[in-house]
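Novice: below are the sequence and a predicted model; questions follow.
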Amino acid sequence: MAGNLACGILLGGAGTRLGGREKALIEVAGRPLLTHLLDRLRPRFDEIVLSTNRPELYAWTGLRCATDLLTIRSPLAGLHGILSVIHAKRAFVIGCDMPGASLSLADRLAREDADAALPVSPAGDEPLHAVYSTECLPAIDRAAREGRWKMTDFLGWVRAVRVPADPAEWTEGPLSPFFNLNTPEELHFFERSLMTP
């Protein structure tokens, strides 16, 4: 995957159900949540970009940061920022609170001849574990002008492919690729999973 596919991590803002802390910096097993995700991603990607409006908090990673160029703070603005700065033509984009990231699924999505390739789980579209091309930028700009801020609002204006993805088929560790951390209970579940041999 190196070279032709970058990786973008959406750091987002404060986890309101996790005490309002910067979610990527919440400590899990003594290390920031972001480091657990980077452990999985660094061996596979030469180019990793962090989407954040607080780059000073992430200087310790040594990674480039992409601040929002659009006015509304949303994951869509984060995606736009990532696609605006990457050197590669496409990026695997994932939320920082998805420590079960599936690299094999990212590779599968990257094989699609499309501007956007989204996995579809039993819960529906999974736009925060997907591959996007820089060709999506004009469509995202259009969605922003029209005040449409959902991650899937621009897909009708690009070559988008939805790929059925059974989480059980793509799970590479104790967590589903689509598991995300929003509550203290989910945080504790992740911490326990790190202690499972």
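Specialist: Arrived safely. Numbering: from 1, shown residues only.
Novice: the nearest residue to residue 179 once chain neighbours are set aside is in what secondary structure piece?
Specialist: Closest residue to residue 179 apart from its sequence neighbours, by C-beta to C-beta, 6 or more residues apart in numbering: residue 100 at 4.8 Å. In short, each C-beta sits where N, CA and C put it, glycine included. Element membership for residue 100 (DSSP states H and E) is empty, with no helix or strand holding it.
Novice: OK, contacts around residue 100?
Specialist: 171, 172, 173, 174, 175, 176, 177, 178, 179 (C-beta atoms under 8 Å, 6 or more residues apart in numbering).
Novice: check contacts around the spatially closest residue to residue 171 that is not a sequence neighbour.
Specialist: Distance criterion C-beta to C-beta, 6+ apart; nearest residue to residue 171, sequence neighbours excluded, is residue 177 at 6.4 Å. Counting by C-beta under 8 Å, 6+ apart, residue 177 touches 98, 100, 101, 102, 105, 119, 126, 129, 165, 167, 170, 171.
Novice: tell me how far the third one lies from residue 153.
Specialist: When C-beta to C-beta, to the nearest Å is applied, the distance between residue 101 and residue 153 equals 24 Å.
Novice: give me the more crowded residue out of the two.
Specialist: Ranked by neighbour count (other C-beta atoms under 10 Å), residue 101 and residue 153 place residue 101 first, with 25 against 17.
Novice: ok, that one to residue 114 distance?
Specialist: 20 Å.
Novice: what do you get for residue 182?
Specialist: 29 Å.
Novice: residue 59 falls within a strand, correct?
Specialist: No: checked against DSSP: H, G, I helix; E, B strand; the rest coil, residue 59 lies outside a strand; its state is helix.
Novice: and it, how many neighbours does it have?
Specialist: So residue 59, with other C-beta under 10 Å, has 9 neighbours.
Novice: how are the helices of this protein distributed by residue range?
Specialist: 33-41, 75-85, 103-110, 137-145, 167-170, 184-194 (DSSP state H).
Novice: may I see the buried residues of the fifth one?
Specialist: In other words, helix 167-170. 167, 170 (16 or more other C-beta atoms under 10 Å).
Novice: for it, packing partners?
Specialist: Helices and strands touching helix 167-170, by 3 or more C-beta pairs under 8 Å, 6 or more residues apart in numbering; DSSP states H and E, are helix 103-110.
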